[in-house]
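heads up, no residue letters with this:
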Ligand code: GDG
């Protein structure tokens, strides 16, 4: 039976070394908190760093044993690797960049080297655990290279990837010196999940721009691979928070305060004044200084709340070895000091400040006893605290103020959404939150809580797994049609047994790769050798059939004994004969269409016009890819009005829009050719839309092969032009013996 392997930097538990013992503690942080419950319910293995640095084999052995009980498996890291991979590349390069703090991003070669090394270690650990066809779910920005390493080493595995932080816009991502490697690393996954549509959109845009791969809605096509990108907003273990909150709220407040000694001042205060809660890891993305400034402004603007409200500021220590985090701590503490210094009275502190993490029970205490939650990150992938706070509001008492820069704001529209950079906006939001009627609060909370209950962490994980399963099914359907070694043998055997064969090959994208400028795609020596050998085999007719203009085709192949069909069939040249036009066509229409195409060239840098005898072509391979796609749509719309009553049609090929005379297509040309050259086996290989005409017109038993796999009526598919050439070599070897 297939198993699920989860991989993330941290495990759901942390191993701490005390003097003599090893202690197992739950780890903090959104990813592990959220996934822990799902892991417990499923027969999964979780691979990660246990948070302990030790060279001692004995200690490592003990850690392994402790982790076994938790269904976890360790990747051990040295101090140097932790410094360079974790504090370095993960938290001083990727984290600031992906959260739009470009000024904090450090680009250090040694960080990158360590990152690659640790990603390799993680991939090896996964591989050592993974059985045939297992599913692997890789998490977050520390492991962006793992999917590709896995895909190359173990193509049988089903690989999902989820990013818990934002994926930035291309303008920011492109700054990263290792952007190509990072994108390739992620594309090893079969399914990539993001919290919001914006992050998914930014990722797809980077893939298009950096790799030039075809994208259709949420599907990236890359050779025979299909990579799916989708949105899965992470949920929480709603029931757990709800039940715990219920349990706490049924106890008298005095008992609660006794149980949580260090919170008693806070809890007892709830009877006298309003409490507002702020919880985050102490991270510059969370916008804590802005929040404090907004609170100060609130106290100044609404003095009637002096002594009537306290802000409980819980900041959880995080990444304490990274410089920015140390600076941030001083900044926050100075601000807290100055606000308390300015406003505090003998009976009242405006801010109750904690710099530590609290046990789960106390966390729930804090959630349940607060009137307002003030969560104003400057950027946040999701923000689970916001969801957890709502889950505990069983009496619908609390109001959530949430930054619109948090992914969670997309789902929590009923909350008071604020721009965290606008402190006036935040100060007014606090006032508004304190003045909602009971009824308003109830309605807001009920709506959001219902949704959070429905799409909890289990629904989230199950949804992701179901999508991964679907991509798997689609992939196996593709695999059946692929020219694998077995299929290749059976096809070449058929060709060998035939009395007469005709072979049709498209050129660009089929026998040769694409170049930015079409005239650069000159055939190389190796290709000539293959084609010469094929055309020399007795009873074998070779036809190159292309949309290329006749002049170029003549320059490249005119001196060879091949049959040539150019411009989709407008011209043909039989072996050793001269070129013949299909029929004389009126091409006066070009004068109307050319200025339209020229206006597109002017407005779309990098695009160009190609003129063929019976057609005009607009190429946009070299343009900004998103602009190119947009313009291609516009162009088709503009031109379709102009071609009415002319015998013209619009064809879309690979990054080209071609306007040409109707009835001239590769299918008609092939049919005409076959009427003079009979064959008992026909082979046709092509890569784009225009080759579909060819596949369609050939007899049912023809061997039709599409380079790339989607939307084709061809019977088989093959990955790319390199694989085509390999397949042709196999044919040559088989037919020559
Ligand atoms: C990353 C992304 C995304 C916090 N303090 C204590 C404590 N916590 C728990 C909370 C919550 C978690 O830590 C924090 O999660 P967030 O989502 O708010 O933030 P990040 O840690 O930055 O998480 C984030 C998340 O991944 C998931 O994809 O939402 O955007 O940055 O669960 O309850 N738990 C306890 N004591 C504390 O003092 N017990």
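It's in. Just so it is clear, the structure is predicted and the values come from calculations on it, not from any experiment.

which parts of this structure sit against the ligand?
With CB under 6 Å from any ligand atom as the criterion, the chain comes near the ligand at residues 28-31, 33-34, 164-165, 234, 279, 281, 316, 357-358, 360, 363, 380-385, 388. All C-beta atoms are positioned from the backbone trio N, CA, C, and that covers glycine.

just the buried ones from those residues, in PyMOL syntax?
Buried residues within the residues of the chain next to the ligand, by 16 or more other CB atoms under 10 Å, are selected in PyMOL with:
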select buried, resi 28+29+30+31+33+34+164+165+234+279+281+316+357+358+363+380+381+382+383+384+385+388
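
and the residues of the chain next to the ligand, which of them are in helices?
Counted as lying in helices by DSSP state H, out of the residues of the chain next to the ligand, are 30, 31, 33, 34, 360, 363, 384, 385, 388.

skipping its backbone neighbours, what lies nearest the second one in space?
Computed as CB to CB, 6 or more residues apart in numbering, the closest residue to residue 31 that is not its neighbour in sequence is residue 164, at 5.2 Å.

tell me where the stretch 151-300 of the chain has strands.
Per DSSP state E, counting those that start in this stretch, the stretch 151-300 of the chain carries strands over the ranges 158-162, 191-194, 214-216, 219-222, 225-231, 274-281.

if you rank every helix and strand of the chain by mean pLDDT, what lands last?
One helix or strand of the chain scores below all others by mean pLDDT, DSSP states H and E: helix 264-269, with a mean of 58.

the domain parsing of the protein - what is it?
For the chain, the structural domains run 4-231, 238-454, 482-580+666-736, 590-661, going by automatic domain parsing.

need those in TSV (columns: distance to residue 463).
Output for these, formatted as TSV (distance: least, CB to CB, whole Å):
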stretch	distance to residue 463
domain 4-231	9
domain 238-454	11
domain 482-580+666-736	25
domain 590-661	29
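
list the residues that contact residue 501.
Applying CB atoms under 8 Å, 6 or more residues apart in numbering to residue 501 gives the contacts 495, 539, 540, 541, 679, 680, 681, 682, 683.

so how many other residues sit close to whichever residue of the stretch 501-650 of the chain sits closest to the ligand?
Minimum separation of the stretch 501-650 of the chain from the ligand (CB to the nearest ligand atom) falls at residue 626, amounting to 27.0 Å. A count of neighbours around residue 626, defined by other CB atoms under 10 Å, yields 14.

ditto for residue 117
Look at residue 117: counted by other CB under 10 Å, it has 14 neighbours.

my read: it touches residue 85, true?
Yes: with contacts counted by CB atoms under 8 Å, residue 117 reaches residue 85, the gap being 7.2 Å.

how about the contacts made by the residue nearest to residue 31?
For residue 164, the contacting residues are 30, 31, 139, 140, 141, 195, 234, 381, 382, by CB under 8 Å, 6+ apart.

now tabulate those residues in JSON lines and tack on pLDDT.
JSON lines is the format used below for these (pLDDT from 0 to 100):
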{"residue": "30", "pLDDT": "66"}
{"residue": "31", "pLDDT": "76"}
{"residue": "139", "pLDDT": "97"}
{"residue": "140", "pLDDT": "97"}
{"residue": "141", "pLDDT": "98"}
{"residue": "195", "pLDDT": "95"}
{"residue": "234", "pLDDT": "94"}
{"residue": "381", "pLDDT": "96"}
{"residue": "382", "pLDDT": "95"}
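
farthest pair within the residues you listed?
With CB to CB as the measure, no two of the contacts of residue 164 lie farther apart than 141 and 234, at 14.6 Å.

for this protein, which helix is longest?
If you go by DSSP H, the chain has its longest helix at helix 457-481.

low-confidence ranges, the stretch 551-700 of the chain, go.
Within the stretch 551-700 of the chain, the segments meeting pLDDT under 70 span 584-585.

quick one, helices of it?
Per DSSP state H, counting those that start in this stretch, the stretch 551-700 of the chain carries helices over the ranges 590-603, 625-642, 666-674, 691-697.

what is the longest one packed up against?
Taking 3 or more CB pairs under 8 Å, 6 or more residues apart in numbering; DSSP states H and E as contact, the helices and strands that helix 625-642 lies on are helix 197-211, helix 590-603, strand 648-653, strand 656-661.

quick one: distance of that helix to the chain centre.
Its chain's average C-alpha position is 27 Å from that of helix 625-642, according to CA atoms, centre = their mean, to the nearest Å.

could I get the buried residue list for that helix?
Burial within helix 625-642, assessed by neighbour count using 16+ other CB under 10 Å, is assigned to 625, 628, 631, 632, 635, 639.

okay, those in a markdown table with distance to residue 735 next?
What follows is the buried residues of helix 625-642, written out as a markdown table (distance: CB to CB, whole Å):
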| residue | distance to residue 735 |
| --- | --- |
| 625 | 41 |
| 628 | 42 |
| 631 | 46 |
| 632 | 41 |
| 635 | 44 |
| 639 | 45 |
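
and the furthest pair within these?
Pairwise distances across those peak at 20.9 Å for 625 and 639 (criterion: CB to CB).

sorry, back to before: nearest to residue 447, of the helices and strands packed on helix 625-642?
Checking the helices and strands packed on helix 625-642 against residue 447 by CB to CB gives helix 197-211 as the closest, at 20.7 Å.

let me see the backbone angles for whichever residue of the stretch 51-200 of the chain sits closest to the ligand.
The nearest approach of the stretch 51-200 of the chain to the ligand comes at residue 164, 3.3 Å away (CB to the nearest ligand atom). Main-chain dihedrals, residue 164, degrees, to the nearest 10: phi -90, psi -10.

begin at 59 from here
Sure, I'll start counting at 59 from here, so that last one is residue 222.

give me the pLDDT for it.
The model reports residue 222 with a pLDDT of 96.

could you do residue 424 as well?
Residue 424 is given a pLDDT of 91.

leaving out chain neighbours, which residue sits closest to it?
residue 335 (5.7 Å).

do residue 738 as well
Distance criterion CB to CB, 6+ apart; nearest residue to residue 738, sequence neighbours excluded, is residue 556 at 4.9 Å.
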